[in-house]
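K.L.:
sequence first, predicted model second:
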Amino acid sequence: MVKRLVLLTVAASFLGACSTVPAKFRADPAHLLERACSPGAGLSGAKGSVWMKAASREASGQFPADVDAQSGRTLRLEVTNLLGGIEALISVSPDRYDIEVPGKKDRKAVRQSGEGSWGGIPLIWAPDLFLGRIPCPTPEQLSTASRRVDESGALVLETRPSLQGAAERFEYRFRDHAGDRWPEGLVWERLGPLGHRVEFRFDDPEDLPQSPRKWEAKSSAGEVKVRWRDRTVLR
């Protein structure tokens with residue numbers, strides 16, 4: 001009996017040491033919202049190279065790419081082959097994307113444009129994701145959004161419909177990291193008859209500004225996985 005009590009005491013001490021985030025912060029919607037939106041905050045740009053895997057109407061396959069993401073919500077990807085040659089140029093802004101495939105001896109040049117989403121990701125999120133940020137509601141949306149922490153510890157936000165668009169739902173899941181909470185997942189939904197759902201997963205946070213070096217987005221329209229190989233940020 002004494003031995004069992006000792007083991008239970010040691011186990012409780014170990015579990016307590018592994019959870020360093022105060023309980024009041026775990027259940028505080030304001031604190032969790034700050035933690036969800038803090039990765040990548042203050043960055044004006046990010047450049048480097050990534051390894052991508054995509055499965056969608058716009059792009060499919062596995063390929064390396066050079067990235068230039070700017071905080072003005074612009075993104076440029078140079079998709080390269082293993083020899084370093086350019087296979088495609090992808091430009092993304094909040095309202096459209098353009099893909100240019102240079103011509104070669106065995107193929108004609110191709111140009112493609114579209115709106116709404118690229119690879120299943122709503123275009124409004126694409127530049128921020130490569131910049132190292134987690135998708136978050138706008139200040140205008142937050143001013144009237146409901147917020148709560150559910151029984152699993154996830155932060156759930158629901159925005160109201162407006163003239164700019166339908167109501168949206170953000171569900172952030174967290175894990176402990178560097179003495180606080182870090183957003184490892186997000187389920188985003190556009191509510192209403194034209195609804196859309198995207199599941200995001202994030203991993204391998206940098207020391208500062210805690211941007212994920214690995215992320216993926218999955219929806220009914222496609223899937224994109226990104227892993228940074230090297231990355232330089234601009235503040």
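P.N.:
Noted; the coordinates are in hand.
K.L.:
quickly find the element holding Pro127.
P.N.:
Using DSSP states H and E, Pro127 maps to helix 126-131.
K.L.:
which positions in whichever helix or strand comes after that helix come out as buried?
P.N.:
Remark: after helix 126-131, the chain's next helix or strand is helix 139-142, criterion DSSP H and E. Residues of helix 139-142 classed as buried: Gln141 (neighbour count, 16 or more other Cβ atoms under 10 Å). C-beta coordinates here come from the backbone N, C-alpha and C atoms, glycine included.
K.L.:
what's the answer for stretch 146-161, then?
P.N.:
Buried, per 16+ other Cβ under 10 Å, within stretch 146-161: Val149, Ala154, Leu155, Val156, Leu157, Glu158, Thr159.
K.L.:
dump those residues to a markdown table, plus distance to Lys218, pLDDT and secondary structure.
P.N.:
Shown next, in a markdown table, are the buried residues of stretch 146-161 (distance: Cβ to Cβ, whole Å; pLDDT from 0 to 100; DSSP: H, G, I helix; E, B strand; the rest coil):
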| residue | distance to Lys218 | pLDDT | secondary structure |
| --- | --- | --- | --- |
| Val149 | 24 | 97 | strand |
| Ala154 | 18 | 97 | coil |
| Leu155 | 20 | 98 | strand |
| Val156 | 20 | 98 | strand |
| Leu157 | 20 | 98 | strand |
| Glu158 | 21 | 98 | strand |
| Thr159 | 22 | 97 | coil |
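K.L.:
now the helix or strand harbouring Leu32: mean pLDDT?
P.N.:
Under the criterion of DSSP H and E, Leu32 resides in helix 29-37. Per-residue pLDDT values over helix 29-37 give a mean of 97.
K.L.:
cool, thanks, talk later.
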